[in-house]
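S.K.: got a sequence here, can you model it:
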Amino acid sequence: ASSRFIRSGEDLSKILAIGDFAVVQITKVTSQNLIDLSMKEPGLRKVEGGRIIRINPQKVPRVIGKKGSMIGILKDKTGCQITVGQNGYVWIKGTSPENELKAENAIKEIERRSHEEGLTQKMETFLGGAA
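M.R.: Model prediction:
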């Protein structure tokens, strides 16, 4: 992306292309549904590499877990960077495609079993040893 200020209405095609994914903050929505976005905060950026999966947005809190417990286990056990969007899009970037697939499968399992109690412990077992 870009670290410089980009004016509203400016051509963004040199920064982002159609089909690109980015982690952004929505800063304003007008009555005409014009949306202002920001990538100023830490962690906000164009997403490069890895894979994007989609989960039910209602399951996002379960994937993150209480105080980030579930996402912490996922990152530790797979060695992947994982960003979960409130819209249900999840970006996974690992050191290998195998680690990314392991994280993807675990996230899909959390989504499928989100109604179960003790899921954090079950996911530790599901993921096995450290990455």
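S.K.: contact partners for residue 53?
M.R.: 89-90, 92, 104, 107-108 (C-beta atoms under 8 Å, 6 or more residues apart in numbering). All C-beta spots, glycine's among them, are computed from the backbone N, C-alpha and C.
S.K.: from these, which land in helices?
M.R.: The helices, defined by DSSP state H, take in 104, 107-108 from the contacts of residue 53.
S.K.: buried ones among those?
M.R.: 104, 107 (16 or more other C-beta atoms under 10 Å).
S.K.: buried residues, the host helix or strand of residue 102. List them.
M.R.: Residue 102 is part of helix 97-112, with elements assigned from DSSP states H and E. By 16+ other C-beta under 10 Å, the buried positions in helix 97-112 come out as 99-100, 102-104, 106-107, 110-111.
S.K.: among the residues you listed, which one lies nearest to residue 120?
M.R.: residue 110 (9.3 Å; C-beta to C-beta).
S.K.: what sits against the closest one?
M.R.: 59, 62-63, 70, 119, 123.
S.K.: follow-up on the earlier one: out of the ones in helices among the contacts of residue 53, which comes closest to residue 42?
M.R.: Closest approach between these and residue 42, by C-beta to C-beta: residue 107, at 23.0 Å.
S.K.: relative to residue 43, how far out is the closest one?
M.R.: 19 Å (C-beta to C-beta, to the nearest Å).
S.K.: now do residue 108
M.R.: For residue 108, the distance to residue 43 - C-beta to C-beta - is 24 Å.
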